[in-house]
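[1] would you be able to build a 3D model of this:
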Amino acid sequence: MRQHFSPGAYMLAALVMACGSSSSEPTSSAPPPDPLALTPVVDENPDPRIVEFRLEAREAEKQFGSIPVTRVWTYNGTIPGPLVDANVGDRLIVHFKNSLPEPTTVHWHGIRLPAAMDGTLAMQSPIPPGGEFRYEFVLKDAGLFWFHPHVRTDVQIEKGLAGVIRVRGTDEPVVDDERIIVLDDVRLKDDGSFPTYLDDTSKMMGREGNTLLVNGVANATIPVRAGATTRWRILNVANGRFFNLTIPGVPLWVIGTDGGFYGEPRDVDHVLVAPAERYDVVFQVPANAGGELELRNDPYERGHESGLRPPMTVAKVQIDTAAPVTNAAPLPRPVQHITRLPDGPVDTPIVLNEATSPSGEILFTINDAVYPNVPPIMVDNGAIRVLEVKNASEMDHPFHLHGFFFQILAKDGVPTSAGDLVDKDTVVVPMMSTLKLVARFDEPGMWMYHCHINEHSEGGMMGEIHVE
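    Residues are numbered from 1 along each chain as shown. Next up, the predicted model:
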């Protein structure tokens with residue numbers, strides 16, 4: 001029986017699309033030019049183990065579909081920002097310049113790094129307009145990661161500030177084609193400008209746009225070679241939208257998530273990708289197939305009757321039959337590199353909830369407090385802590401931990417199976433549910449944790465873990 005891949009079914013994973021071929025064996029033909037390819041960074045360092053580049057946050061103009069031109073905020077002038085391609089063990093050196101009219105930082109989402117490089121206001125002063133900062137760290141883990149501001153995230157990410165980092169390991173899955181797909185949406189007025197007023201629904205549920213984007217393109221068409229074993233690596237950078245993805249009639253296999261691969265591929269028909277999550281999915285369109293398929297966002301109930309909305313087309317999937325692949329790579333079974341952390345009694349309770357201020361303002365709380373008044377969690381350097389994340393609200397919250405991976409021990413008291421063991425940095429905590437997580441805190445500093453619906457974190461659902 002096929003299964004719906006969601007937080008309730010398996011405790012999550014990461015789906016994301018990539019550019020170019022990763023197969024170690026030749027296929028029938030080279031893939032066609034990619035209209036959705038991401039712009040790579042310009043590496044200025046001749047050392048093959050160092051990726052050094054310049055990153056500038058600046059304003060630009062972009063047209064989304066038939067809407068008039070929009071004044072957007074970008075990294076290096078593109079939406080999404082540039083693609084950083086690297087290998088495990090490489091050193092990343094980023095010369096960042098802020099050419100925006102307000103302060104910003106760069107947070108390296110999902111990457112284990114020194115706290116001073118994490119780009120949060122707990123460890124770094126905002127970079128003022130015209131200011132510069134040098135980020136430098138070693139890439140310890142393979143996977144798909146991303147970078148974005150950690151100042152006014154609800155506004156700055158919505159305006160376009162997000163980029164992608166692909167870190168390859170030594171034993172990447174062999175496929176015919178690989179694609180990175182960055183899912184997003186944008187809310188624009190008829191004149192192409194961003195609304196300055198946020199309605200109550202957007203404050204409550206997180207801003208959802210009126211235009212869906214794939215790699216910054218509205219009404220996108222994704223080419224797929226007939227017969228090819230295709231790996232899609234999917235990242236959701238939207239402020240609040242959950243993507244409940246399916247390609248009707250095409251079996252999907254989830255092979256990995258934020259921090260690595262599953263032990264076995266999961267045969268699914270839907271993949272739920274919450275804001276900030278990544279999923280690694282493989283599928284194959286038959287060699288004799290032709291025409292067009294649909295990448296669709298099906299209804300998903302994440303609270304307040306959001307599941308009553310109709311399905312939405314995310315993109316067309318155009319099957320290229322000019323030179324079908326007849327010797328396709330088999331379904332990959334990636335090598336999993338993970339050590340199970342020990343279970344134990346809960347020592348760190350975290351309760352997510354919502355409230356209303358005396359003035360009627362919507363607040364999002366952790367342990368009944370609003371950031372920055374949430375008491376910090378104190379942890380000894382090197383300690384393993386068991387966290388209980390309880391969602392006492394009437395909507396789902398994607399919980400993100402900076403600087404460390406965690407493993408999901410149980411959901412609502414039901415233990416995670418050995419086959420579902422995986423490293424995560426972002427996980428959906430369903431409404432009125434509880435997740436038991438475990439993490440090793442082995443890097444000193446002040447680290448953020450928060451809901452990754454940007455309007456929720458900016459509305460107070462954020463806290464700090466101090467590792468000393």
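[2] ok, for Pro40, nearest residue in space, not its chain neighbours?
    Leu83 (5.1 Å; C-beta to C-beta, 6 or more residues apart in numbering). C-beta coordinates here come from the backbone N, C-alpha and C atoms, glycine included.
[3] isn't that neighbour up against Asp43?
    No. Between Leu83 and Asp43 no contact is recorded; they are 11.6 Å apart, counting by C-beta atoms under 8 Å.
[4] the two: which is more packed in?
    Set Leu83 next to Asp43 and count neighbours by other C-beta atoms under 10 Å: Leu83 wins out with 20 against 16.
[5] quick check: the residue nearest to Pro40 vs Val94, distance?
    According to C-beta to C-beta, to the nearest Å, Leu83 stands 14 Å off from Val94.
[6] now Gly259
    22 Å.
[7] one more: Lys140?
    Lys140 is 16 Å from Val94, by C-beta to C-beta.
[8] who's more crowded, those two?
    Val94 (20 against 11).
[9] per-residue confidence at that one?
    We note a pLDDT of 99 for Val94 in this prediction.
[10] what about it, which helix or strand?
    If you go by DSSP states H and E, Val94 is part of strand 91-98.
[11] got a list of contacts for that strand?
    45, 49-57, 84, 86, 104, 106, 127-139, 165 (C-beta atoms under 8 Å, 6 or more residues apart in numbering).
[12] inside strands: which ones of those?
    Among the contacts of strand 91-98, the ones falling in strands (DSSP state E) are 50-57, 84, 86, 132-138, 165.
[13] now, of those, which are buried?
    50-53, 55-57, 84, 86, 133, 135, 137, 165 (16 or more other C-beta atoms under 10 Å).
[14] centroid-wise, who is the farthest residue in the chain?
    No residue in the chain sits farther from the centre than Pro358, which is 34.7 Å out by C-alpha atoms, centre = their mean.
[15] next up, phi/psi of it, please.
    phi -60, psi -30 (degrees, to the nearest 10).
[16] related to what we said a few turns ago, partners of the strand holding Val94, with directions?
    strand 50-62 (parallel), strand 132-138 (antiparallel) (DSSP bridges).
[17] pull the CA atoms of it into CSV?
    Extracted C-alpha coordinates of strand 91-98, given in CSV (Å, rounded to 0.1, in the frame of the first residue of the first chain):
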residue,chain,number,x,y,z
ARG,A,91,36.1,25.5,3.8
LEU,A,92,33.6,28.2,2.9
ILE,A,93,34.8,31.8,2.9
VAL,A,94,32.1,34.4,2.2
HIS,A,95,32.8,38.1,1.8
PHE,A,96,29.4,39.6,2.5
LYS,A,97,28.3,43.1,1.8
ASN,A,98,25.0,44.7,2.8
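[18] burial count for Lys62?
    Using other C-beta under 10 Å, Lys62 is surrounded by 17 other residues.
[19] dump the residue contacts of it.
    Applying C-beta under 8 Å, 6+ apart, we find Lys62 in contact with Val69, Thr70, Val72, Thr74, Ile79, Gly160, Gly216.
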